[in-house]
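J.: model this:
(one chain, ligands or ions: 1)
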Amino acid sequence: MKQGQFTPNAVTDDDKLRESCGVIGIFLQNGEDMAARLGYYGLYSLQHRGQESAGISVSDGTEITTHKGMGLVSEVFNEEKLNSIKGRIAVGHVLYSTSGKAYIENAQPFVIHFKLGNLAVAHNGSLVNTGVLKELLEETGSTFSSSSDSEVIIKLIAKNYKKGLERALTDTIQMIKGSFALAVMTENTLIGVRDPNGIRPLCLGKLENGWVIASESCAIDAIGGELVRDIEPGEIVIINDDGVLSFEFGERTAKKTCIFEYVYFARPDSILDGIAVQEARLRMGAILARESAVPADVVIGVPDSGLGAAMGFSAAVGIPYAMGIVKNKYIGRTFIAPSQEQRENLVFVKLNAMKSDINGKRVIIIDDSIVRGTTSRRLIQILRRAGAKEVHFRISSPPVKFSCYFGIDTPCRSELISSSHDEQEICKAIGADSLAFISIKGMLEALGGVAEQVSCEKNRDGQDGYCQGCFTGEYPMPSPGEIVSRRL
Ligand code: AMP
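T.: Numbers count the residues shown, from 1 in each chain. The predicted structure is shown next:
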């Protein structure tokens, strides 16, 4: 079987919701002690990457102190807490997980205090060989306090630490398989690591008085830093008082950045791997228009991640763009909806139509993705109630047919409406007058078009590109199901 090819047989109990997160690391010059505060502002800008828990570890040069808790950054930290964790190096984390996995033991950073020193690790991504590594570690006496694969990473680094920090890192990284963007800290060093495929993003920024590493550049902007560059797939960046040292930790493999970061996950003002997210979304909208325009009176987008594509679509076809839908900004993690029906009704509380934009009009509505189909079905009801004459749904990503194993939270395949229904069936199920998704080719064109200087050349030779596993079922490496079957 081709490496990374997904087959229906590979779907196992592992085909479940995954977590995705945001990480930040701050290194300030000697004499400074505000790393935790800068980390806090950075995490605030990464809040969209995870709302379940937040945490910051800080080093004052000799000791690492951590504060973490469940909830939003604003709920976990207050002035008193921030003042109590002073130091010049910090790593921070926001966790996105399903309710079942959302408990304090999984909150990050993970910290280890051991004979040779102290370590804190914040991880964004998902490992596919956690089970095997956990068994190995347990056989040699390690114990685990969480169900998080990230804990495996810190235990492996600690285990290898007697070889020195650099060797410990490279040895660990060569053992772990999957997606990982890491912010690691010792008492006097900050380290950024990106997996060999670069699935999850990680970038490096310069501060007036130090350095920052972050999942997205919007966090660097928020703390007054300047984006220097993306950390390359397979690169380790070590920052200490001697400066910034960079090295690759293995053979260079093909870059396979997660395409869903550009579709949905990343903030529109971020620049990932040289591509401005909003620009990519505008182009996705324009290409979607080229592929599937229909006569209409108004183009609207589903806030927030559908707005860029809607603007691009509107500009390409010359149909006016309108606000159309208002999103309630205060619906968050804590909204209580225990039953499926209540969860479905959540869309009515979260989104509402602007009647003046919609009434009596033929509406083209753009969203970034259809996952279960709940949002689109409810939105069409909302638009019809507001007097829409026709509703044409357009989606700026291809159908999501497969689960993600590398950090995006997608439900099991049976819940993905596109895994078992074609476009016409989905159109009927959601009650639209017409439905179209962007093609995979169109989507890649959208990303290539704004990345001439960075990845276009590499894309052309068929090597570097994007992980499109959720659309195609082809992953950059075997999924956990395949790894388990091979072991049996
Ligand atoms: P659904 O209602 O299940 O079809 O979900 C589609 C909506 O969820 C779209 O409006 C997307 O913007 C949004 N979405 C897509 N991926 C995710 C994700 N991983 N987590 C939360 N929301 C998502």
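
J.: Report the residue spans of the stretch 201-350 of the chain with pLDDT below the cut-off.
T.: Where the stretch 201-350 of the chain drops to pLDDT under 70, the residues are 333-338.

J.: Run through the residues of it sitting next to the ligand.
T.: Residues of the stretch 201-350 of the chain lying close to the ligand by CB under 6 Å from any ligand atom are Y264, V302, S305. Just so you know, the C-beta spots here come from the backbone N, C-alpha and C atoms, and that holds for glycine as well.

J.: Of these, keep whichever come out buried.
T.: Buried members of those, scored by 16 or more other CB atoms under 10 Å, are Y264, V302, S305.

J.: Domain ranges for this protein, per the record?
T.: 21-258, 273-443 (automatic domain parsing).

J.: what about the longest one, start to end distance?
T.: Okay, so that is domain 21-258. 13 Å (CA to CA, to the nearest Å).

J.: Give the next helix or strand downstream of the lengthiest helix in the chain.
T.: Taking DSSP state H as the criterion, the chain has its longest helix at helix 277-292. Counting by DSSP states H and E, the next helix or strand C-terminal to helix 277-292 is strand 298-301.

J.: which one is the residue of the stretch 1-150 of the chain found nearest the ligand nearest to, not counting chain neighbours?
T.: Here the stretch 1-150 of the chain gets closest to the ligand at one residue, S20, 7.3 Å apart by CB to the nearest ligand atom. Distance criterion CB to CB, 6 or more residues apart in numbering; nearest residue to S20, sequence neighbours excluded, is G407 at 4.3 Å.

J.: contacting residues around the nearest residue to T375 once chain neighbours are set aside?
T.: Distances taken as CB to CB, 6+ apart put V347 closest to T375, at 5.6 Å, once the chain neighbours are dropped. Neighbouring residues of V347 by CB atoms under 8 Å, 6 or more residues apart in numbering: T374, T375, R378, L379, I382.

J.: so V347 sits in a strand?
T.: No. Judged by DSSP: H, G, I helix; E, B strand; the rest coil, V347 forms no part of a strand; its state is helix.

J.: Run through the contacts of V347 and flag the ones next to the ligand.
T.: Among the contacts of V347, the ligand is touched by T374, T375 when using CB under 6 Å from any ligand atom.

J.: Go through the contacts of V347 and say which is closest to C218.
T.: Proximity of those to C218 (CB to CB) peaks at T375, which lies at 24.2 Å.

J.: The closest one falls within a strand, correct?
T.: No. Going by three-state DSSP, the assignment for T375 is helix, not a strand.

J.: wait, isn't it in contact with D367?
T.: Yes. T375 lies in contact with D367 (CB atoms under 8 Å); the separation is 6.9 Å.

J.: Backbone dihedrals for the residue in the stretch 151-300 of the chain that the ligand sits nearest to, both of them.
T.: Nearest to the ligand, among the residues of the stretch 151-300 of the chain, is Y264, at 4.6 Å (CB to the nearest ligand atom). When read as degrees, to the nearest 10, the backbone of Y264 gives phi -130, psi -40.

J.: wait, isn't it in contact with S305?
T.: Yes. The criterion here is CB under 8 Å, and Y264 meets it with S305 at 4.8 Å.

J.: Can you get me a residue count around P233?
T.: For P233, the neighbour count with other CB atoms under 10 Å is 21.

J.: ok, G192 - contacts?
T.: Contacts of G192 (CB under 8 Å, 6+ apart): G25, A181, L182, A183, V184, L202, L204, I213, I231, I236, V237, I239.
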